[in-house]
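Undergrad: Provided below for reference: sequence and predicted model.
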2 protein chains.
Amino acid sequence: MKTSEAIELLKKKGYKTTGKRKDILTYFENEDGYRTAKDLILHLEETYEGISFDTIYRNLHLYHDVGILEVTELNGEKHFRMNCTHHHHHHFICKECGKTKEIEVCPMEEVRKSLSNYEIEDHKFEIYGLCPGCQTV
Amino acid sequence: MKTSEAIELLKKKGYKTTGKRKDILTYFENEDGYRTAKDLILHLEETYEGISFDTIYRNLHLYHDVGILEVTELNGEKHFRMNCTHHHHHHFICKECGKTKEIEVCPMEEVRKSLSNYEIEDHKFEIYGLCPGCQTV
DNA sequence: CCCTAAAACCGTAATCATTCCTATTTACAA
DNA sequence: TTGTAAATAGGAATGATTACGGTTTTAGGG
């Protein structure tokens, strides 16, 4: 998702536009990978001295709720990235830099068959390791 | 994995056997699903008044390190279950009771092909929802 | 352009899971 | 039985996240 697209979505839902909100979106658009609240606050502090945890987490949750951000939990810390809206897919996630690569494979079709009595709400398929750039051969 | 099997494994690796350690294993063997440190400490406090967090976490980590327990992170909390040693598979996890159901499908074979330059260390494939027993129709 | 209510925000305290630290106790091999 | 390294208790420390009262900013109608 693009920043402009996200801002439109927020407006349509009646949320107010602020400088911080725009900057958070721009940050994630540029980062292209999973980032933590800590990463984000460090970035925003350059521009907004004294920015509050509350602002960071409130907006991360808001963005996640409206579908702008995806979230995953690694090492006891939540990681966020821009939502990929084009089609359903999963990710390889680099343990070092947090960058992701799309994985087209999704076996849910097959899985559903073997879970006929179960109410499936969600699923997670993630591959972890080192991306080419982070391998210290 | 069975409790007896796990105790053998620990002995072989030179770890001491204590009542608490045995009880932790028995607990997980009986529970058959993902459980948190909190769940475990509540159970052990019935028998061992004043048991320490340290003991709980130290043993959970030990068991995970030697392969007795599997771990996954849900809602900011680590969840543990007995390791399934018989063959590679994944789990449906009930959001309500933590019980699991084995899923045979694993698409990693296919995935590896599309990640030739990547160093794959691990992967997670989990399905979340409500098991038949927890659905409030 | 101005005003007002609602939304955002700050500063900080509280919470929750987890880890760390030191003194004491225990398992078990010799 | 005993020596010693491992295990434990009790509690403090840490780190991420949430909560909250008071203040500022935004959106939008007049």
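TA: That came through fine.

Undergrad: which residues in chain A form helices?
TA: A:3-12, A:19-31, A:37-47, A:53-65, A:108-113 (DSSP state H).

Undergrad: other SSEs contacting the third one?
TA: For helix A:37-47, the elements it packs on are helix A:19-31, helix A:53-65, strand A:77-82, judged by 3 or more CB pairs under 8 Å, 6 or more residues apart in numbering or on different chains; DSSP states H and E. From N, CA and C alone the C-beta is placed, and that goes for glycine too.

Undergrad: okay, the ones you listed, which one's buried deepest?
TA: Comparing the helices and strands packed on helix A:37-47 by mean neighbour count (mean count of other CB atoms under 10 Å in any protein chain shown), strand A:77-82 ranks first with a mean of 20.

Undergrad: CA-only coordinates of it in CSV, if you can.
TA: Extracted C-alpha coordinates of strand A:77-82, given in CSV (Å, rounded to 0.1, in the frame of the first residue of the first chain):
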residue,chain,number,x,y,z
GLU,A,77,8.4,-7.8,20.1
LYS,A,78,5.7,-6.8,17.6
HIS,A,79,7.0,-6.0,14.1
PHE,A,80,5.0,-4.1,11.5
ARG,A,81,5.2,-3.6,7.8
MET,A,82,3.1,-2.0,5.0
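
Undergrad: is any part of that strand close to DNA strand D?
TA: Yes - under the criterion of CB under 7 Å from any atom of the strand, DNA strand D is reached by strand A:77-82 at A:Glu77, A:Lys78.

Undergrad: what about that strand, distance to the chain center?
TA: Mean C-alpha position of strand A:77-82 versus that of the full chain (CA atoms, centre = their mean, to the nearest Å) differs by 5 Å.

Undergrad: for stretch A:44-59, same thing?
TA: On CA atoms, centre = their mean, the centre of stretch A:44-59 falls 18 Å from that of its chain.

Undergrad: quick one: end-to-end distance for it.
TA: 13 Å (CA to CA, to the nearest Å).

Undergrad: A:Glu102: what's it in contact with?
TA: A:Cys84, A:His89, A:His90, A:His91, A:Phe92 (CB atoms under 8 Å, 6 or more residues apart in numbering or on different chains).

Undergrad: now the closest residue to A:Leu9 other than its chain neighbours: how far from A:His88?
TA: Counting by CB to CB, 6 or more residues apart in numbering or on different chains, A:Val66 is the residue found nearest to A:Leu9 once chain neighbours are left out, at 6.3 Å. Applying CB to CB, to the nearest Å, the value for A:Val66 to A:His88 is 18 Å.

Undergrad: for DNA strand C, what are the nearby residues on chain A?
TA: Counting by CB under 7 Å from any atom of the strand, chain A sits next to DNA strand C at A:14-16, A:18, A:20-21, A:48, A:50-55, A:58-59, A:76.

Undergrad: now do the same contact list for the residue nearest to the spatial centre of chain A.
TA: Nearest to the geometric centre of chain A sits A:Arg81, at 2.2 Å (CA atoms, centre = their mean). By CB under 8 Å, 6+ apart, the contact set of A:Arg81 is A:Phe28, A:Glu31, A:Asp32, A:Gly33, A:Tyr34, A:Arg35, A:Leu69, A:Glu70, A:Gly98, A:Thr100.

Undergrad: hmm, 6 Å instead?
TA: By CB atoms under 6 Å, 6 or more residues apart in numbering or on different chains, A:Arg81 lies in contact with A:Gly33, A:Tyr34, A:Glu70.
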